[in-house]
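Student: quick one, structure for this:
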Amino acid sequence: MSFRVSAFYKFVRFPDPDAIRGEISSAFADLGVRGTVLVAAEGLNGTIAAEGEALDKAMAHLRALPGCSDLEHKESHADKMPFWRLKVRLKQEIVTMGVPGTDPNDLVGTYVDPGDWNALISDPDTVVIDTRNDYEYEIGTFEGAVDPDTATFREFPGWFREFREKLESEGRKPKVAMFCTGGIRCEKATSFVKSEGIDEVFHLKGGILKYLETVPRDESKWQGECFVFDQRVSVGHGLEIGSYDLCHGCQRPVSEAERQDPRYEKGIACPACHDTLTDEQRARFTERQKQMKLARQRGEAHIGRTEKSGKTEAS
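Tutor: Have a look, this model is predicted:
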């Protein structure tokens with residue numbers, strides 16, 4: 001069985017976001033949709049999956065919401081349902097930066113279509129910034145991209161201010177081009193960077209996913225795989241499912257080579273976290289793995305409290 005997966009976001013003002021949350025939750029539950037949707041006064045952000053026409057109906061419901069008629073989404077497929085359940089949550093921000101007043105509805109950078117992205121990032125007067133987290137950068141990025149080495153998106157504003165000082169100390173004022181998985185983080189980042197007084201700021205429309213979907217492999221400047229926020233873990237060109245697994249101990253992607261490491265214990269630890277887990281964590285993860293195995297033997301889905309499922313591009 002094949003499932004359709006849709007990733008979407010929209011910066012739009014919702015006067016009553018809790019009412020929007022309730023509408024989406026009720027409609028999606030009736031359609032059998034799973035995944036995660038975040039709703040805030042600044043818009044909505046989510047990744048969902050469903051069979052066949054149910055996904056079309058879910059997207060039609062979202063586009064019927066106030067200000068969402070032009071909502072775009074990136075679609076891919078999965079051989080099995082990539083989410084354990086449906087979660088529709090009310091948040092302060094649909095992507096957490098933590099800088100009050102940063103609003104792409106008011107101020108935003110220039111959108112660049114995937115077909116024009118290569119020319120922009122090949123310009124020697126452009127600095128290319130990967131706005132994603134460190135573990136995402138490690139498994140794939142664009143040629144020449146700067147890694148902010150951040151653990152969460154909240155760290156981006158502080159990093160950028162230091163980076164800007166460094167550029168200015170070198171007498172440089174380059175164009176700034178930013179990207180992320182689906183476009184939401186870099187869109188908000190451009191709003192922040194422009195509010196800091198930078199004029200020439202650009203971001204990849206539709207993010208890496210749209211680039212991998214539309215730019216031919218032989219023309220691509222993408223290197224590696226792209227981390228995604230569901231049980232596929234990573235995708236490559238053409239949005240084909242990638243080669244990475246997920247460590248349920250630290251939630252980082254694990255390569256095939258790392259899975260051969262004696263410190264890798266499926267569902268428990270990987271080389272990156274093996275020596276950092278507490279005895280309590282190791283016991284808990286071991287028990288969870290045991291319960292998941294028993295559930296599979298019974299032909300049931302195990303939905304653990306700490307299981308990674310449905311995390312959106314928002315961290």
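Student: where exactly do the strands run in the stretch 151-300 of the chain?
Tutor: In the stretch 151-300 of the chain, the strands defined using DSSP state E, counting those that start in this stretch lie at 175-179, 201-204, 222-224, 226-227, 234-235, 245-246, 253-254.
Student: mind putting those strands in TSV, distance to residue 85, mean neighbour count and mean pLDDT included?
Tutor: For every residue, glycine as well, the C-beta is placed using N, CA and C. Below are the strands of the stretch 151-300 of the chain laid out as TSV (distance: least, C-beta to C-beta, whole Å; neighbours: other C-beta atoms under 10 Å; pLDDT from 0 to 100):
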stretch	distance to residue 85	mean neighbour count	mean pLDDT
strand 175-179	30	25	97
strand 201-204	31	25	97
strand 222-224	30	16	97
strand 226-227	21	25	96
strand 234-235	22	23	94
strand 245-246	17	19	92
strand 253-254	22	24	94
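Student: show me where pLDDT drops low in this structure?
Tutor: 1, 300-315 (pLDDT under 70).
Student: how near is residue 11 to residue 138?
Tutor: 28 Å (C-beta to C-beta, to the nearest Å).
Student: ok, residue 3 to residue 32 distance?
Tutor: Distance from residue 3 to residue 32, by C-beta to C-beta: 11 Å.
Student: next, show the common contact partners of those two.
Tutor: Here residue 3 and residue 32 share the contacting residues 50, 51, scored by C-beta atoms under 8 Å, 6 or more residues apart in numbering.
Student: who has more neighbours, the two?
Tutor: residue 3 (19 against 13; other C-beta atoms under 10 Å).
Student: name whatever forms a beta bridge with that one.
Tutor: Note on residue 3: beta-bridge partners by DSSP bridges are residue 78.
Student: check the one 5 residues further on too.
Tutor: For residue 8, the beta-bridge partners under DSSP bridges are residue 46, residue 73.
Student: surely it touches residue 70?
Tutor: No: between residue 8 and residue 70 there is no contact, the gap being 11.3 Å when judged by C-beta atoms under 8 Å.
Student: between these two, tell me which one has more neighbours.
Tutor: Neighbours were counted for residue 8 and for residue 70 using other C-beta under 10 Å; residue 8 has more, 24 against 8.
Student: ok, the more buried one - contacts?
Tutor: 44, 45, 46, 47, 59, 62, 71, 72, 73, 74, 182.
Student: how much space between it and residue 58?
Tutor: 10 Å.
Student: same thing with residue 30?
Tutor: Counting by C-beta to C-beta - residue 30 and residue 58 are separated by 10 Å.
Student: these two: who's more crowded?
Tutor: More crowded of residue 30 and residue 58, by other C-beta under 10 Å: residue 58, with 27 against 12.
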